[in-house]
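[1] sequence unknown, structure follows:
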């Protein structure tokens, strides 16, 4: 009897052990299932967030601003051609700028969108006439020519304020630019007049002209007529005024886009070829070299890869433009002493011809100089 009791107890213990294992496994399975579901939900949420800018359109301006601030970048406008003017009593008349090309001035032939908040009957698309105006309901003829979108939005808002709307908010967008003529000359591959729609930047215009020529300098000059405001029906004033705008194209092509100036209709763009100087005679690499600001004789000889063993470095000559009779000045210089630092270095100017004679000759060969198409002045100068 005792034996049966012990056996029954053992069976009960075994059964309870199996039940515990069963419920433990079931519990683990439930926990793992829930964990997998949570993991899948988390991945799904991350996937949706990643696709949100693509599937749902662009990020909001605030979101983009936050991203740019996190990345250390300044805020970059994202909409083109629009300015909003807000007018009213308690609310400030602030101008909200959302265009990088904010200084573009509207011209005849441009198509503009005028949007007036809470007044759809006033929101329309207009083409600026040849006279630079357009007709707007309730306000009549408005002069748009030579105004920025910001200025035009404010003008319309001021006209509507109080008479038709208490606090008008106006947005002006240039929908389509008219085509204009631009003239580019100088060191580009295809200089000439180009008809371009809109308002190109300097870089775009250089690209349209085939790019820079090999002999381009480091600067571009834009000659622009200064538009003088005129009273209605007044005669055009004689003696137009111009301004000269300089851009550093060397810096531009290295990524300094603050030098990428927008070009106005009628502008003349000139890219002068670089100044050069010449090194001839007993150097390893004779030829012409671009003249950079601050170039000296020592640097010029280095650019020509130094003198040969045959060079009479104590009898170097620089032929320089500038004499009254049109001939070149002859500047005698001991190049060996300049290169050795015993004598002061000599600044090089545009079109200098540096000649290092052969030690077998007593003077610079006239044939060598005439190869450049020049003759020397009789009175030599010495450094």
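    Received it, and whenever you're ready, just let me know what you need. These numbers were taken from a predicted model, which means no experiment stands behind them.

[2] please, where are all the helices along the stretch 201-350 of the chain?
    Using DSSP state H, counting those that start in this stretch, the helices of the stretch 201-350 of the chain run over residues 202-208, 249-252, 297-303, 335-339.

[3] okay, now the unreliable bits of the stretch 201-350 of the chain?
    Within the stretch 201-350 of the chain, the ranges that satisfy pLDDT under 70 run 227-240, 323-326.

[4] can you map out the strands along it?
    Ranges of strands in the stretch 201-350 of the chain, per DSSP state E, counting those that start in this stretch, are 219-226, 241-248, 268-271, 276-281, 287-290, 316-320, 328-333.

[5] hmm, back to that, can you put the helices of the stretch 201-350 of the chain in CSV and add distance to residue 111?
    For glycine as for every other residue, the C-beta is placed from the backbone atoms N, C-alpha and C. Below are the helices of the stretch 201-350 of the chain laid out as CSV (distance: least, CB to CB, whole Å):
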stretch, distance to residue 111
helix 202-208, 21
helix 249-252, 30
helix 297-303, 54
helix 335-339, 65
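
[6] nearest to residue 313, out of these?
    helix 335-339 (3.8 Å; CB to CB).

[7] hmm, back to that, save the helices of the stretch 201-350 of the chain as JSON lines, and put in mean neighbour count and distance to residue 242 too.
    Below are the helices of the stretch 201-350 of the chain laid out as JSON lines (neighbours: other CB atoms under 10 Å; distance: least, CB to CB, whole Å):
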{"stretch": "helix 202-208", "mean neighbour count": "18", "distance to residue 242": "17"}
{"stretch": "helix 249-252", "mean neighbour count": "18", "distance to residue 242": "21"}
{"stretch": "helix 297-303", "mean neighbour count": "18", "distance to residue 242": "37"}
{"stretch": "helix 335-339", "mean neighbour count": "19", "distance to residue 242": "43"}
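
[8] ok, back up a step: tell me which of the strands of the stretch 201-350 of the chain lies nearest to residue 190.
    Here strand 268-271 is closest among these (CB to CB), at 12.2 Å.

[9] which residues does residue 122 contact?
    114, 116, 136-138, 160, 164 (CB atoms under 8 Å, 6 or more residues apart in numbering).

[10] which of those fall within strands?
    114, 116, 136 (DSSP state E).

[11] quick one: which of those is nearest residue 314?
    Closest to residue 314, out of all of the ones in strands among the contacts of residue 122 and judged by CB to CB, is residue 114, at 77.8 Å.

[12] verify the stated contact: the closest one with residue 170.
    Yes. The pair residue 114 / residue 170 is scored as a contact, 6.8 Å apart, by CB atoms under 8 Å.

[13] shared neighbours, those two?
    Listed as contacting both residue 114 and residue 170 by CB under 8 Å, 6+ apart are residue 156.

[14] ok, back up a step: distance to residue 297, pLDDT and neighbour count added to the contacts of residue 122, as a markdown table?
    Formatted as a markdown table, the contacts of residue 122 follow (distance: CB to CB, whole Å; pLDDT from 0 to 100; neighbours: other CB atoms under 10 Å):
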| residue | distance to residue 297 | pLDDT | neighbour count |
| --- | --- | --- | --- |
| 114 | 64 | 95 | 21 |
| 116 | 69 | 93 | 22 |
| 136 | 68 | 92 | 18 |
| 137 | 73 | 89 | 11 |
| 138 | 74 | 88 | 12 |
| 160 | 70 | 91 | 22 |
| 164 | 75 | 82 | 14 |
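
[15] nearest to residue 358, out of those residues: which one, please.
    Nearest member of the contacts of residue 122 to residue 358, counting by CB to CB, is residue 114, at 77.6 Å.

[16] what's the burial count for residue 189?
    The local packing of residue 189 (other CB atoms under 10 Å) involves 12 other residues.
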